[in-house]
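Engineer: A predicted structure for the sequence below; I have some questions about it.
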Amino acid sequence: MGSEIQPGYRMCFVCGWENPIGLNVTFYSEDGRVRARFTPDERHQGFPGLVHGGILFALLDEVISRAAYLMGDWVLTGRVEVRYVRPARIGEPLDLEGWVERTAGRGYLLAGRLTNPGGETVVEGRGVYVKLPAEFRRRLNARPGALGRPDRPGPAGG
């Protein structure tokens with residue numbers, strides 16, 4: 001199975017390709033998982049040389065929530081349990097991975113992790129994510145230039 005670039009919102013803090021202060025991460029659907037790579041720089045640090053925990057959580061929450069897209073849904077974060085395992089270093093790439101554990105009523109139980117270049121888990125989490133109502137999703141996607149892909153900005157379905 002090949003990989004496919006997932007759509008995003010152009011001004012999203014994590015995936016927005018036009019957000020000047022965003023992380024500009026491109027996410028892929030591949031083999032039943034969502035994947036991405038992000039290399040933090042000095043703008044993303046907390047303690048000197050280490051990535052801020054809030055940035056790590058933003059990346060984790062995004063890759064986890066995007067697993068619902070594999071099922072054709074967009075979701076909102078309901079509740080997430082996070083475990084910070086080890087520090088992430090500035091300048092070292094992080095591999096992001098998210099997956100669906102199971103459906104859960106009006107949403108999903110989703111999980112994910114970020115790993116360092118040695119394959120060690122930096123942060124992991126799982127949580128309940130609630131399906132975005134279809135009408136709300138239609139309204140969001142109808143906004144001019146809101147939804148697209150970094151390689152092909154503009155409407156990408158919805």
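Structural biologist: Cool, the structure landed.
Engineer: could I get the full set of helices for the protein?
Structural biologist: In order along the chain, the chain carries the following helices (DSSP state H): 53-65, 134-142.
Engineer: do you know how far the residue lying farthest from the centre of the chain is from residue 28?
Structural biologist: Computed with C-alpha atoms, centre = their mean, the residue of the chain farthest from its C-alpha average is residue 48, at 24.8 Å. Distance, residue 48 to residue 28, using C-beta to C-beta, to the nearest Å: 32 Å. Backbone N, C-alpha and C define where each C-beta goes, glycine included.
Engineer: equivalent analysis for residue 9, please.
Structural biologist: 17 Å.
Engineer: out of the two, which sits in the busier spot?
Structural biologist: residue 9 (20 against 17; other C-beta atoms under 10 Å).
Engineer: isn't the more buried one right next to residue 16, touching?
Structural biologist: Yes - assessed by C-beta atoms under 8 Å, residue 9 is found in contact with residue 16 at 6.1 Å.
Engineer: that older thread, now the weakest link among the helices of the chain, please, by mean pLDDT.
Structural biologist: The minimum mean pLDDT among those belongs to helix 134-142 (a mean of 77).
Engineer: hey, C-alpha coordinates of that helix in PDB?
Structural biologist: What follows is helix 134-142, C-alpha atoms only, in PDB (Å, rounded to 0.1, in the frame of the first residue of the first chain):
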ATOM      1  CA  ALA A 134     -21.200  16.800   9.000                       C
ATOM      2  CA  GLU A 135     -22.900  20.200   8.800                       C
ATOM      3  CA  PHE A 136     -20.100  21.900  10.800                       C
ATOM      4  CA  ARG A 137     -17.500  20.200   8.500                       C
ATOM      5  CA  ARG A 138     -19.300  21.400   5.400                       C
ATOM      6  CA  ARG A 139     -19.300  25.000   6.700                       C
ATOM      7  CA  LEU A 140     -15.600  24.900   7.500                       C
ATOM      8  CA  ASN A 141     -14.700  23.400   4.100                       C
ATOM      9  CA  ALA A 142     -16.800  26.000   2.300                       C
END
